[in-house]
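Colleague: Fold the stuff below for me.
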Amino acid sequence: MVRTLKIGMAVLLASALGLAATARLGAQSYYTSPAVDADEKAMAAEKRPDFSSPMVEDKALSVPGLPEKLTWYTSRPGIFGSPRARHGGTFRDYLADFPDTFRTVGPNANGAYRSYFLTSPNTVDVNMETKQWMPALATDWAFGADGRSVYFKLNEKARWTDGQPITSADYTFMYDMMRSPNIQDPWSNDYFTTQVTDLKAYGDWVIRLTWQSPASHDDLLNDLAVQPRPRHFYPGGIPKDYVDRYQWVFEPTAGPYALDTFKKGLTLTFRKVKDWWGYVYDYNRYRFNVDTLEYRVITGGNDIVRNYFYGGAIDTFVTIIPQEWADSGNRDPVKKGWVDRQYTYYVPLTGVSGIVLNLHDPLFADVNVRRGLYYAINIQKMIDTVLRGEYRRYHNIGLGHVFGGQSFDDATIRKPDFDPVKAGALFDKAGYSHFGPDGVRVNAAGARLSFELLYQSPNHTERLSVLKEEARKAGVEIVLKLMQQESFTAVLEKKFQAWWGGMSTGLYDDYWQYFDSANADKPQTNNFWGYSNKEMDRLVEAFRAESDLARKAALSREIQRKVDEAALVIPNYYVPYYRGAAWKWVRFPKWLSQKYHDDFYDPFSGTTGYVGYFWVDQDIQKEVTAAQKAGKAYAPRIFRDETFKQ
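Modeller: This next block holds a predicted model:
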């Protein structure tokens with residue numbers, strides 16, 4: 001369990017600057033301006049909201065014409081945002097690559113920017129402070145007597161981004177769409193056939209979804225909280241050429257933004273939906289405040305993005321990397337207070353992350369090679385040197401999966417320390433018992449203990465170079481391959497040897513997609529390893545079917561131990577904080593984020609989580625722009641929240 005420190009937010013001001021119109025630190029005189037001064041004073045007075053959203057019985061709701069008597073539940077979360085928030089303005093950000101498609105299902109749809117096009121809320125969403133349930137596209141929910149079904153009473157005010165109402169017909173259409181072979185999406189086809197086994201509509205405003213087996217109420221809500229699809233957008237149903245026809249077509253969503261314009265390979269522009277329906281909920285007040293979101297493609301990694309940011313072309317810049325954080329304090333816009341910095345601690349929810357090994361490759365087909373890499377990959381030295389000891393070593397494929405009072409992660413799993421001798425003993429077992437003239441191990445057939453490591457971010461080159469250098473001490477050659485575009489496509493197609501990357505995760509992972517034999521030899525699935533094992537199949541299928549949360553959590557821990565034994569991935573690290581820099585006109589709530597959420601710079605992607613709560617203050621923007629032209633410097637600011645510092 002994570003130890004929570006009850007430490008309030010500290011607004012760090014240089015020495016005793018205070019918030020006077022002009023402050024003095026030694027010989028240094030700082031400038032202030034009316035809008036900046038007023039907002040900083042208002043921010044200092046803010047208190048962290050009550051984020052609780054306990055589930056309560058909704059005795060006022062009665063729906064006739066249903067097949068069974070139900071008890072309806074809802075929750076009533078309060079205001080999560082800051083009353084300081086202002087609507088309007090433009091937020092400028094970047095993409096490391098242009099999306100492979102605007103589709104959110106089918107080939108190449110599961111990429112880094114999928115959430116930009118899949119912004120519909122679920123029927124219910126998870127509170128990322130308390131992990132309680134909140135109403136979203138449904139106002140209420142009820143559980144069927146069979147232990148497998150959930151009824152959702154839909155929000156009658158919900159609208160698509162094109163203004164059309166969202167009804168039960170959009171959910172039945174979604175169900176048919178996800179099972180259609182025309183979308184060419186094996187995972188969705190399977191999930192909405194073998195897992196979500198039925199979806200029925202009762203009038204326009206009630207749907208019932210059925211899970212494949214009895215489950216706890218929390219599990220049912222987690223598994224059956226689905227998103228609709230706009231039936232009216234596909235008047236003839238899903239065509240056979242869906243994948244090609246809708247490759248670059250924006251499908252309406254229920255989210256607060258719609259794609260307005262794009263230049264393929266270069267830019268995306270989203271605009272706020274007028275009178276967005278989601279403001280019927282208090283927790284959405286003071287949220288999704290910006291009118292226009294502009295994204296430009298900037299390749300070349302942080303070395304290039306950094307210049308765009310400090311040059312004023314984009315509004316925020318993430319400085320999680322230790323060197324970036326240290327460097328930011330020396331940048332002129334930061335020293336002159338035109339750019340503020342933000343720093344918060346949170347509990348990271350972490351899934352698969354590290355070096356993923358493709359078992360279809362002959363080198364990694366031998367478990368002794370894979371286990372040997374546990375000793376040959378010096379993760380800790382990389383953390384201690386390049387990452388300045390600020391990251392934490394990761395040992396598992398799961399962290400932070402606490403749900404329904406159960407821990408789904410085995411905290412006892414520990415990877416060994418770097419040890420070339422122990423690595424060598426395992427490599428000897430695999431037949432790599434001789435050394436070539438370059439110091440790389442070889443087997444009797446002359447095959448070298450060498451592999452190509454695929455990675456996407458140029459700013460990871462330095463840290464991977466440490467791993468490369470250290471691995472040579474164990475007779476292992478790592479060939480680094482930077483592939484900024486379409487790298488994840490290569491992984492999905494299993495056209496790689498080893499991949500430095502990771503996957504997002506939920507309340508707990510769906511292990512079937514990663515480790516079941518059904519996905520081992522198929523492209524476009526998340527079994528990147530090509531892993532097939534009958535005992536693992538039994539475990540992941542039992543995990544899917546288990547209705548008791550305690551037993552489900554025990555199965556999760558057993559699956560994690562089996563992954564550890566099979567050495568499918570070399571875990572790398574996790575980061576217990578989120579921090580960055582933003583031009584002064586980008587403003588935030590005093591508390592920055594929630595316990596289980598990190599990216600407070602995210603304007604809208606996915607809508608789930610604490611996203612979209614910042615805003616652009618156009619009065620401050622005018623003041624800061626004028627101060628820049630006049631060469632006037634504000635006091636440097638770091639806004640820090642240590643509520644969840646471990």
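
Colleague: Centroid-nearest residue for this protein?
Modeller: Ser504 (5.0 Å; CA atoms, centre = their mean).

Colleague: Assign a three-state SS to Gly580, would you?
Modeller: strand (DSSP: H, G, I helix; E, B strand; the rest coil).

Colleague: quick one: what helix or strand has Phe427 in it?
Modeller: helix 420-429 (DSSP states H and E).

Colleague: got it, and Lys468?
Modeller: helix 461-471.

Colleague: now whatever helix or strand comes next after that helix, how far from the centre of its chain.
Modeller: Per DSSP H and E, the first helix or strand lying C-terminal to helix 461-471 is strand 477-482. Strand 477-482 sits 26 Å away from the centroid of its parent chain (CA atoms, centre = their mean, to the nearest Å).

Colleague: that older thread, confirm for me that the residue nearest to the centre of the chain is in contact with Gly351.
Modeller: Yes - here Ser504 reaches Gly351: they are 6.5 Å apart, a contact under CB atoms under 8 Å. Glycine gets a C-beta too; all of them are placed from N, C-alpha and C.

Colleague: Can you get me the start-to-end distance on stretch 208-217?
Modeller: 14 Å (CA to CA, to the nearest Å).

Colleague: what does it rub up against?
Modeller: Residues from elsewhere that reach stretch 208-217, judged by CB atoms under 8 Å, 6 or more residues apart in numbering: 143-144, 146-152, 194-200, 202, 219-220, 223-224, 226, 404, 544-549, 552.

Colleague: I'd like the list of those that fall within helices, please.
Modeller: 219-220, 223-224, 544-545, 549, 552 (DSSP state H).

Colleague: out of the residues you listed, which is most surrounded?
Modeller: The residue in the ones in helices among the contacts of stretch 208-217 with the most neighbours, by other CB atoms under 10 Å, is Leu224 (25 neighbours).

Colleague: Now do the nearest residue to it once chain neighbours are set aside, the pLDDT please.
Modeller: Distance criterion CB to CB, 6 or more residues apart in numbering; nearest residue to Leu224, sequence neighbours excluded, is Leu209 at 4.2 Å. At Leu209, the model reports a pLDDT of 98.

Colleague: go on, Asp510?
Modeller: 89.

Colleague: Same check on Gln406?
Modeller: 89.

Colleague: And Gly8, by the same measure?
Modeller: Reported pLDDT for Gly8: 32.

Colleague: What of the one 10 residues further on?
Modeller: Among the per-residue scores, Gly18 shows a pLDDT of 32.

Colleague: now Pro416
Modeller: Looking at Pro416, the pLDDT reads 98.

Colleague: Can you report how many residues lie near it?
Modeller: Quick note: Pro416 (other CB under 10 Å) scores 11 neighbours.

Colleague: element containing it?
Modeller: Using DSSP H and E, Pro416 is not contained in any helix or strand.

Colleague: show me what contacts it?
Modeller: Contacts for Pro416 were tallied using CB under 8 Å, 6+ apart; they are 374-375, 422.

Colleague: mind redoing it with 7 Å?
Modeller: For Pro416, the contact set (CB atoms under 7 Å, 6 or more residues apart in numbering) comprises 374-375.
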